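Trainee: Need a 3D model of the following:
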Amino acid sequence: MALNLAVLLPERAAAEEQVVIATTGGAYDAALRKYWFDPFTAETGIKVVSVAATNAEMRAKATAMVKSGNVTWDLYPDGEIQAGSDAHKATSEDLGGFCETFKDRSDLVGDACIGAGARLFSTATLMVYKSDAFSGAAPATWADMWDTRRFPGGRAFPNFDDPWRVMAAALLADGVAKDKLFPLDIDRALKKLETIRGDISVWWKTGDQSVQGFRNGDYSIGEIWLTRANALKEEGRAVGWSNKASFLVGDRLTVIKGAPNRENALKLIAYWLDRPEAQARVCEELLCTPPSNKAIAVMSPAARAAQPSEEDLRDHIVVPDADWINTNAAMMLERWNAWIR
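Mentor: Here you go, the predicted model:
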């Protein structure tokens with residue numbers, strides 16, 4: 001049963017009420033504002049203030065605010081993997097009670113709302129390339145990304161506080177089978193990365209940096225977010241990507257402990273889960289998978305066709321081992337920082 005906003009919102013909020021949410025900015029924030037934040041404000045009178053930050057900055061800021069007792073943000077989208085960590089639990093409110101309203105909703109995926117947070121959407125980190133940069137066949141696998149003879153040009157990789165996806169790409173490029181990927185062989189991954197170090201022209205920390213590097217021609221193949229790759233496509237850029245070199249990831253909406261506008265944050269989350277139309281429009285723009293199957297049903301045929309196929313999910317797309325990554329996060333980051341310097 002859909003949440004009754006008449007119960008959650010007994011009267012239209014005063015115009016000065018607000019909720020503060022962190023996002024990664026750019027096309028991501030623009031889509032959320034157009035199809036979620038602004039319609040929410042129009043219906044409730046609650047202003048949605050978004051602040052731009054990287055994922056690493058969001059987690060660091062949330063931790064610092066909770067420790068100091070000076071919380072100025074209300075919520076942010078944390079990665080699906082990080083949302084299961086002890087660090088997340090220390091700074092984020094358990095939404096188990098709030099989620100009771102949504103547990104029997106047949107249109108929502110089973111984990112759409114759990115104690116760790118509400119699902120915003122799922123998307124991918126994958127190999128993206130300039131589709132006009134190569135003659136003949138396009139790159140399709142992580143091994144192709146390492147093949148600088150057949151596919152010349154700069155390379156781009158993320159460099160922030162969860163390096164597992166770069167290490168995992170290196171291992172797959174080195175011939176490790178998808179079902180043997182975890183636990184990650186860190187030594188082997190860094191050795192493989194060393195072979196391409198001189199060709200890495202962009203180490204990006206934000207989605208905007210990854211797309212600007214593409215626009216500038218700084219790299220021909222990169223590991224970036226699908227949401228940003230699709231934004232480049234919408235700009236008319238010559239861009240392609242491959243589901244054969246892809247990691248399936250997602251974001252969860254999490255409320256920070258001590259959030260000054262806690263009730264408004266919960267209303268914003270409820271609005272999202274209760275509005276398949278908003279989910280559909282956002283995911284058409286960002287090329288993501290929404291939490292409601294009703295949303296998928298009303299997405300455009302082109303957007304539905306772009307969703308990963310059953311074959312892609314079975315044979316190629318990697319769902320990361322969140323438990324292993326969280327358990328070994330500090331070790332991986334230490335090894336990564338030592339290598340990247």
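
Trainee: Check the closest residue to Ile221 other than its chain neighbours and give its pLDDT.
Mentor: Excluding its sequence neighbours, the residue lying closest to Ile221 (Cβ to Cβ, 6 or more residues apart in numbering) is Tyr129, at 4.5 Å. Where C-beta positions appear, they are placed from N, C-alpha and C, glycine not excepted. On pLDDT, Tyr129 comes in at 98.

Trainee: now Ala112
Mentor: As predicted, Ala112 sits at a pLDDT of 95.

Trainee: was I right about it contacting Thr101?
Mentor: No - between Ala112 and Thr101 there is no contact under Cβ atoms under 8 Å: 11.1 Å.

Trainee: Kindly list the longest strand within this protein.
Mentor: Determined from DSSP state E, the single longest strand within the chain is strand 239-255.

Trainee: ok, back up a step: does anything pack onto the host helix or strand of the residue nearest to Ile221? Which helices or strands?
Mentor: Using DSSP states H and E, the element containing Tyr129 is strand 117-130. Counting by 3 or more Cβ pairs under 8 Å, 6 or more residues apart in numbering; DSSP states H and E, the packing neighbours recorded for strand 117-130 are helix 142-146, strand 221-225, helix 226-234, strand 239-255, helix 262-273, helix 276-286.

Trainee: ok, of those, where does mean pLDDT dip lowest?
Mentor: Here the lowest mean pLDDT among those goes to helix 226-234, at a mean of 90.

Trainee: Give me the contact list for it.
Mentor: 26-28, 123-126, 128, 207, 210-211, 214-215, 239, 241, 246, 285-288 (Cβ atoms under 8 Å, 6 or more residues apart in numbering).

Trainee: Narrow the residues you listed to just the buried residues.
Mentor: Among the contacts of helix 226-234, those buried by neighbour count (16 or more other Cβ atoms under 10 Å) are 26-28, 123-126, 128, 207, 210-211, 214, 239, 241, 246, 285-288.

Trainee: now the helices: where do they sit in the stretch 1-150 of the chain?
Mentor: Assigned by DSSP state H, counting those that start in this stretch, the stretch 1-150 of the chain shows helices spanning 5-8, 26-32, 38-44, 55-68, 86-91, 96-99, 142-146.

Trainee: and Arg304, which of these is closest to it?
Mentor: Checking these against Arg304 by Cβ to Cβ gives helix 26-32 as the closest, at 17.3 Å.

Trainee: and that closest one, what does it pack onto?
Mentor: Looks like helix 26-32 contacts strand 47-52, helix 207-215, helix 226-234, helix 276-286 (3+ Cβ pairs under 8 Å, 6+ apart).

Trainee: Quick one: closest of the ones you listed to Phe182.
Mentor: helix 226-234 (21.6 Å).

Trainee: And the closest one, what's buried?
Mentor: Of the residues in helix 226-234, Leu226, Thr227, Arg228, Ala229, Asn230, Ala231, Leu232, Lys233 count as buried by neighbour count, 16+ other Cβ under 10 Å.
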